[in-house]
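[1] From the sequence below, what's the structure:
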Amino acid sequence: MTQPHLVEVNRYRFSAETLTEIETNAYAANCWPLVYILSDGTTRCAYVGETTDTLARLGTHLKHPQKKSLTTVHLVSSERFNKSATLDIESSLIKYMSADGRFSMLNGNLGLSDHNYYQRDELYSRIFRQTWDRLREQGIAQRSIEAIDNSDVFKYSPYKSLSADQQQGLIEIMRSLVDPSLQHIVVQGGAGTGKSVLAIFLFKLIHSNLEELDLREFSEEEQEVRDLLRQIKKSHPSPRMALVVPMSSFRSTLKKAFRNVADLRPDMVISPSELTKKRYDIVLVDESHRLRKRVNLGAYFGSFDTACAVLGLDKNTCSEVDWVKRQSDKAVFFYDPNQSIKPSDADASDFEKIKSSPDSTVITLASQFRVRAGQHYVRFVDDLLHIRLPADERFSSSKYEFLVFDKLSDMVREIEQRNSSYGLARLVAGYSWPWISKKSPHLHDIEIDDVQLRWNSTTLDWINAKGAASEVGCIHTTQGYDLNYTGVIFGREIRYDEKLGQIVIDRKNYHDRNGKQAIEDPNALKQYILNIYRTIMLRGIRGTFLYACDDSLRRYLKRHVESYRSNIIAFPRFDRPLEPYVNAVPLYDLRAAAGGFSALQQVEHENWVAVPDGMPVGKNIFACHVVGESMDKIIPNGSICLFRLNPGGSRNGKIVLVECADTQDGDAGSRYTVKEYQSFKVSTEDGVENQKILLNPRSTNPALRPIELSMEDSEHRYRVVGEFLGVIG
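    Now for the predicted structure:
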């Protein structure tokens, strides 16, 4: 079975001499719309563009001070391409290559729009997937589309589409930045309205070269955006600018997002206390509702007091909001009052003072981008938690799974299954259990019926941490993040009083010490806790599952939410002399069987093979033959492939060469296979957690299945030998 080739990806050296060779490409020669990628494997920089005049465009790039140093060009072409398709493929490649991490993108293409056009979903989405497979084959991309879709680096890339709501918000922010009478801008919107994406987009926009920017997707407002940006750059040609993120975990994630974008650096994302080091022209504050005041700060009291002293502020009356105001000429606060979740958060009155000040303006975002059920779900959750729903109203959406579970074990199992299918499915709970496993990792924190669970083993980027799928997160490790599915456990600190018809809070069962100290008013504590549950119920893109420890609360939820039932459910010639480890690497006769483990044989050195320009060369790089059809979407049968020896770091979503040594025949030789690597945790009936690894085929033959490896296999029978870098012959 063969897959029809909907797209071609041809590789050339990027130089004036090779333009004559590119003239032989029919699509390039005949002014056909196509997409091109310029890259350099040494500097790890890349640029993506689309054109109908390939030779002229590449000639222009050869004169550009940055792009002329790139060494390789890939032409992506198809007889089915039209202008709409190439614009779409271009924007998708920019977004995915930026998140993939192999290259730092030089593009200034901002305002990329997910516009619709004829056969976009039924044809051109397949063309993009085939394009991505070809780029993985040729070493330009490394991770699978599915792995990138679930990465936070992708979600918070500045190369994202802006909705009409966000575009208008961006223009209003820019107008305010050039208005000398305004100092403070409050961008107010609920969870999932795209505040973080807008903040990062604005940050990248201000740091982009005005002449390089492609703002065509702003349509009739393109000229205004360009004029406003020109005014900002005239006032601040080299802007002192920072993105302040109060939560350390989310701050770490955004630093990663900045790392793979040209003109941005991780050190541009800072904590509030780092504001004391210097004054800024422009400060953007994401999740500004989590800026703190001097209440329940624990170990942070000392740092807070020191910062106040440095800034000349009264520690007893000021908050980190005042730090931002003191240290910035212009401040943009991205704010949601409903996500304030503990008494150390700055008072709402701090923001009300800003909003009512004559030197301030307020911009509101309304569109919902995270939850597939949209704003209807957001309003429903708010009304559900505040007992405002009519007695007979039930949630209904064909786009969203929203279920209440009678047994926690059922919900845990369904979250595990969703995690296996989609990734990023996590359990999250209210702070109703002490964190005893922090000091005694062998103990369980949460025990409900026959289910035993532990809190998050790390507070830093827990969502993406190893083992997170088998743990339970809290508000502090999930706020600001997107999940595909969230399993929410309502703890014993929250219950429903059927006589009063109200949700009530049991303070003694709320174990976040810093979340309740200094709160005398029970209604204030109740509002914080309702905000916590509201926030974690708005994390799931595809669905939210609920379990309540309190029977009465569970009965109340089931009035309005469906109950779970178990039955629902092409390279140029190389004519230069070969120089080992300069332009050539050893070719080993592994005969790696992509269709399954190959016959036993000793690895024997065969000869040297040329490495195309732009691909890595070194003593940790080698090549081998790959045979079989199980990776034929990316690696044709019989190809010579380039690998990096003993790769470190995360392998999830990457293609790897795996050696499987049968212990009884260990002296006879080794077996090899090439597959896409996927790992996750599973729980057995006795509660023991084991890591399961799937070696997935990427084949046109649907009969080929993944190879499943257990933890025992990983310790005794197999090892990852190399990371796939591309097909070279």
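[2] helices and strands of this structure: which one bottoms out on pLDDT?
    helix 711-716 (a mean of 58; mean pLDDT, DSSP states H and E).
[3] Could you give me the buried positions within the helix or strand just after it?
    Using DSSP states H and E, the helix or strand that follows helix 711-716 in sequence is strand 718-727. Buried residues in strand 718-727, counting neighbours by 16 or more other Cβ atoms under 10 Å, are found at 718, 720-727. Every C-beta, even on glycine, is put in place using the N, C-alpha and C of the backbone.
[4] I'd like the residues you listed as CSV, with distance to residue 447 and pLDDT appended.
    Listed next are those as CSV, based on distance: Cβ to Cβ, whole Å; pLDDT from 0 to 100:
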residue, distance to residue 447, pLDDT
718, 35, 74
720, 37, 83
721, 42, 82
722, 44, 86
723, 41, 90
724, 44, 91
725, 47, 90
726, 50, 89
727, 52, 88
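[5] Would you reformat those residues as TSV and include distance to residue 201?
    TSV is the format used below for the buried residues of strand 718-727 (distance: Cβ to Cβ, whole Å):
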residue	distance to residue 201
718	43
720	37
721	41
722	37
723	32
724	33
725	32
726	32
727	35
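[6] Now the host helix or strand of residue 413: buried residues?
    Assigned by DSSP H and E, residue 413 belongs to helix 408-422. Across helix 408-422, burial judged by 16+ other Cβ under 10 Å covers 408, 410-416, 418-419, 422.
[7] Identify the spatial nearest neighbour of residue 617, chain neighbours not counted.
    residue 611 (5.1 Å; Cβ to Cβ, 6 or more residues apart in numbering).
[8] report the longest strand in this protein, please.
    strand 671-683 (DSSP state E).
[9] so that strand versus helix 408-422, what angle?
    Orientation check (axes from the mean of the first three to the mean of the last three Cα atoms, to 10 degrees): strand 671-683 against helix 408-422 gives 150 degrees.
[10] Mean confidence (pLDDT) on strand 671-683, please.
    The predicted model assigns strand 671-683 a mean pLDDT of 77.
[11] Pairing partners for that strand, with directions?
    Strand pairing for strand 671-683, determined by DSSP bridges: strand 655-660 (antiparallel), strand 689-696 (antiparallel).
[12] What's the first helix or strand after the last one?
    Meaning strand 689-696. Following strand 689-696 toward the C-terminus (DSSP H and E): strand 707-709.
[13] Packing partners of that next one?
    strand 689-696 (3 or more Cβ pairs under 8 Å, 6 or more residues apart in numbering; DSSP states H and E).
[14] avg pLDDT for the strand it packs on?
    76.
[15] for stretch 17-34, same thing?
    So the average pLDDT for stretch 17-34 ends up being 91.
[16] same thing with stretch 216-230?
    On average, stretch 216-230 scores 86.
[17] From the chain's centroid, how far away is it?
    28 Å (Cα atoms, centre = their mean, to the nearest Å).
[18] Which stretches in the stretch 301-450 of the chain count as strands?
    328-335, 360-364, 401-404, 425-429, 446-448 (DSSP state E, counting those that start in this stretch).
[19] Tell me if I am right that residue 503 is in a helix.
    No. Read with DSSP: H, G, I helix; E, B strand; the rest coil, residue 503 is strand and lies in no helix.
[20] The nearest residue to it once chain neighbours are set aside: how many residues sit nearby?
    Spatially, and ignoring its direct neighbours in sequence, residue 503 is nearest to residue 496 (5.7 Å; Cβ to Cβ, 6+ apart). Using other Cβ atoms under 10 Å, residue 496 is surrounded by 20 other residues.
[21] which one of the strands paired with strand 671-683 has the most crowded surroundings?
    Mean neighbour count (mean count of other Cβ atoms under 10 Å) peaks for strand 655-660 among the strands paired with strand 671-683, with a mean of 22.
[22] so residue 607, which of the three states?
    Per three-state DSSP, residue 607 ends up strand.
[23] Which residues does it form beta bridges with?
    Applying DSSP bridges, one finds that residue 607 bridges with residue 587.
[24] if I look at it, how far off is residue 587?
    5 Å (Cβ to Cβ, to the nearest Å).
[25] Mind listing the shared neighbours of the two?
    Counting by Cβ atoms under 8 Å, 6 or more residues apart in numbering, no residue touches both residue 607 and residue 587.
[26] Which one of those two is surrounded by more residues?
    residue 587 (20 against 11).
[27] Longest helix in the protein, please.
    helix 83-100 (DSSP state H).
[28] Dump the C-alpha coordinates for that helix into PDB.
    The C-alpha coordinates for helix 83-100 follow below in PDB (Å, rounded to 0.1, in the frame of the first residue of the first chain):
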ATOM      1  CA  LYS A  83      -2.100  31.400  -2.900                       C
ATOM      2  CA  SER A  84      -4.400  30.600   0.100                       C
ATOM      3  CA  ALA A  85      -2.800  27.200   0.500                       C
ATOM      4  CA  THR A  86       0.800  28.500   0.500                       C
ATOM      5  CA  LEU A  87      -0.100  31.200   3.000                       C
ATOM      6  CA  ASP A  88      -1.600  28.600   5.300                       C
ATOM      7  CA  ILE A  89       1.300  26.200   4.900                       C
ATOM      8  CA  GLU A  90       3.800  29.000   5.500                       C
ATOM      9  CA  SER A  91       2.100  30.200   8.700                       C
ATOM     10  CA  SER A  92       1.700  26.600  10.000                       C
ATOM     11  CA  LEU A  93       5.400  25.800   9.300                       C
ATOM     12  CA  ILE A  94       6.500  29.000  11.200                       C
ATOM     13  CA  LYS A  95       4.400  28.000  14.200                       C
ATOM     14  CA  TYR A  96       5.400  24.400  14.300                       C
ATOM     15  CA  MET A  97       9.100  24.900  13.500                       C
ATOM     16  CA  SER A  98       9.300  27.500  16.200                       C
ATOM     17  CA  ALA A  99       7.900  25.100  18.800                       C
ATOM     18  CA  ASP A 100       9.800  22.100  17.400                       C
END
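[29] in it, what counts as buried?
    84-100.
[30] That helix: how far from the chain's middle?
    16 Å.
[31] between the strands of the stretch 301-450 of the chain, which one is nearest to residue 354?
    Residue 354 lies closest to strand 360-364 among the strands of the stretch 301-450 of the chain, at 5.1 Å (Cβ to Cβ).
[32] got the contact list for that closest one?
    169, 172-173, 176, 182-189, 354-355.
[33] Show me how far the longest strand of the chain is from its chain's centre.
    22 Å.
[34] Tell me what angle that strand forms with strand 718-727.
    110 degrees.
[35] tell me the angle of strand 671-683 relative to strand 425-429?
    Going by the same axes, to 10 degrees, strand 671-683 makes 20 degrees with strand 425-429.
[36] hmm, back to that, deepest of the strands of the stretch 301-450 of the chain, which one?
    Comparing the strands of the stretch 301-450 of the chain by mean count of other Cβ under 10 Å gives strand 425-429 as most buried, with a mean of 26.
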